[in-house]
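A.B. asks: Starting from these lines, generate the structure:
(one chain, ligands or ions: 1)
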Amino acid sequence: MAKRALVSVSDKAGIVPFVKSLIAQGVEIISTGGTKRQLEEEGLQVIGIEEVTGFPEMMDGRVKTLHPAIHGGLLAVRNNEEHMSALSSEKISLIDFVIVNLYPFQQTIENPDSTFQDAVENIDIGGPSMIRSAAKNHQDVTIVVDTADYDGVIEELQEFGEVTDRKKQKLAAKAFRHTAAYDALIAEYMTKHVGEDAPEKLTKTYNLKQTLRYGENPHQMASFYERPISSPATIAKAKQLHGKELSYNNINDADAAIAVIRDFNEPAVAAIKHMNPCGVGIGGDIAQAYQKAYEADPMSIFGGIVACNREVDAEAAAMMKEIFLEIILAPSFTEEALKILKEKKNLRLMTIDLEAHYAGESRVTTVSGGALIQETDTLSYEDVEVTIPTDRKPSDRELEQIQMAWKVVKHVKSNAIVLAKEDRTIGIGAGQMNRIGAAKIAIEQAGEAAEGSVMASDAFFPMSDTVEAAAKAGIRAIIQPGGSKRDQESIDMANEHGIAMVFTGVRHFKH
Ligand SMILES: NC(=O)c1ncn([C@@H]2O[C@H](COP(=O)(O)O)[C@@H](O)[C@H]2O)c1NC=O
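C.D. replies: Have a look, this model is predicted:
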């Protein structure tokens, strides 16, 4: 008996040549409404689904392939006598191939004009059911859900007269991934719609963006996956214009760099090393801001990742070209800037649309045997109500510098201390196991520049030792959350040295 294929596709790209090739291999075609019309328009011979089921398609296509004549033909195990005699007594024919792609649920919810009802109507039911039946019975049935597999299937038919078991198994695994991801997106959409914060199942889905040469170290395999729907203001959507392929560490660091510059309204440049800012500068333009970020730590910026929140022009490009950088990322580059920077063959140049809406997606961290999920820390200085517990209030200029340091410390691994002066960071103490340790590192790095600078701390001071160290270094103003039982000791120490201190009431731990 001739083999039969059931073809039912929403995305009709490439379907006509594929079906032609199947027919050329002696395969009979069964198809649903729109797909059948398209195939017939091309002069292909197609059996209508109603002829197989004995039922018309009904309820706006909600029921067309959901029928024992279809699922029996798909699920029957060919070498199981009982299955085969059940089929013949019910006059059901075998179906050997299923070519299906699903209602465009993702495109529907991405369309800002779509309603909830539109989304619901675009939940495919019959398609996933066929995919699952065919994939379960993959020893006998070939399931094709991806247009990219059309050629491979035809090649095997031409070469071996059948699709190999290995191929059928691989296609089945892909089919289950396909329906799982499809359902995950629906589940996520519905969960958001009903507003459940901690659903009992976490079913996020990601699409492979690229395989990476290796992970954090060369002996670790790695790949980069992106969310099916993400803002253009994300590292997943950033475009590479030039340079070597991105590495795992590049992607992580570039993401950290984007987070820093996103928090600044004025022209800002952040240099990142190993996920921590090593220099951040602000200025009237990107060249000025870059100069500040560079001066912040001319040693650490070497081999770093630089992110800018405004277009990079020729002046800035010429300065950046002077040292070895891994990546320069900005909303855009002028033609001239590109010309200058492209002279460096390996330097990666990337653009990102920082104007696009970015609400901050939930962050998932895996732990052994599980995952932690939390909202992104999007709280900024403007969102908090600060208090000033010290006798001396910060001057306007000190307040500006304090805000800058606070914006940066949010992005430094805890325990974190940032010193800032003259629109740039001058000392960053990152990832220390105690606060005074982070302060000592920041102060030491700042050296004489610490005199007259400001300090930001990501969490409160458990005792007055950090304020004491700040006073010794000549730091004039401090910003910290406050909230320690021993706040008064820190306030007294600040008052003793004429230091102005700002309490934010919120902390910015980053682990
Ligand atoms: N309800 C059903 O029985 C059913 N069977 C197949 N579909 C889908 O209908 C679409 C194709 O429809 P058409 O051939 O009419 O353009 C495919 O995306 C397929 O997955 C169905 N539609 C939705 O569930």
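
A.B. asks: host element of the residue in the stretch 151-300 of the chain that the ligand sits nearest to?
C.D. replies: Using Cβ to the nearest ligand atom, residue 182 is the residue of the stretch 151-300 of the chain that sits closest to the ligand, at 10.1 Å. From N, CA and C alone the C-beta is placed, and that goes for glycine too. Residue 182 is part of helix 165-194, with elements assigned from DSSP states H and E.

A.B. asks: Tally up the residues packed near the residue of the stretch 151-300 of the chain closest to the ligand, please.
C.D. replies: 23 (other Cβ atoms under 10 Å).

A.B. asks: Please list all residues in contact with it.
C.D. replies: Counting by Cβ atoms under 8 Å, 6 or more residues apart in numbering, residue 182 makes contact with 102, 105, 124, 128.

A.B. asks: what do you get if the cut-off is 6 Å, keeping everything else the same?
C.D. replies: Applying Cβ atoms under 6 Å, 6 or more residues apart in numbering to residue 182 gives the contacts residue 102.

A.B. asks: Quick check: it vs residue 227, distance?
C.D. replies: To residue 227, residue 182 is 14 Å away according to Cβ to Cβ, to the nearest Å.

A.B. asks: can you list the residues of the protein near the ligand?
C.D. replies: 8-10, 32-35, 61-66, 100-103, 124-127 (Cβ under 6 Å from any ligand atom).

A.B. asks: Would you write a ChimeraX line that selects the buried entries of those residues?
C.D. replies: Selecting only the buried entries of the residues of the chain next to the ligand in ChimeraX, with 16 or more other Cβ atoms under 10 Å as the criterion:
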select :8,9,10,32,35,61,64,65,100,101,102,103,124,126,127
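
A.B. asks: With adjacent residues omitted, what lies nearest to the residue of the stretch 301-450 of the chain found nearest the ligand?
C.D. replies: The nearest approach of the stretch 301-450 of the chain to the ligand comes at residue 361, 28.5 Å away (Cβ to the nearest ligand atom). Excluding its sequence neighbours, the residue lying closest to residue 361 (Cβ to Cβ, 6 or more residues apart in numbering) is residue 376, at 6.5 Å.

A.B. asks: Now do the contacts for residue 261.
C.D. replies: Counting by Cβ under 6 Å, 6+ apart, the residues that residue 261 touches are 268, 270, 307, 309.

A.B. asks: Just give me the closest of those to residue 222.
C.D. replies: Residue 222 lies nearest to residue 307 out of the contacts of residue 261, by Cβ to Cβ, at 21.9 Å.

A.B. asks: does the closest one have beta-bridge partners, and which?
C.D. replies: residue 270, residue 329 (DSSP bridges).

A.B. asks: dump the residue contacts of it.
C.D. replies: 257-258, 261, 270, 329.

A.B. asks: can you tell me which two in those are farthest apart?
C.D. replies: Counting by Cβ to Cβ, the most remote pair of the contacts of residue 307 is 270 and 329, 9.5 Å apart.

A.B. asks: higher neighbour count, these two?
C.D. replies: Counted by other Cβ under 10 Å, residue 270 and residue 329 do not tie: residue 270 has more neighbours, with 33 against 28.

A.B. asks: Much appreciated, bye for now.
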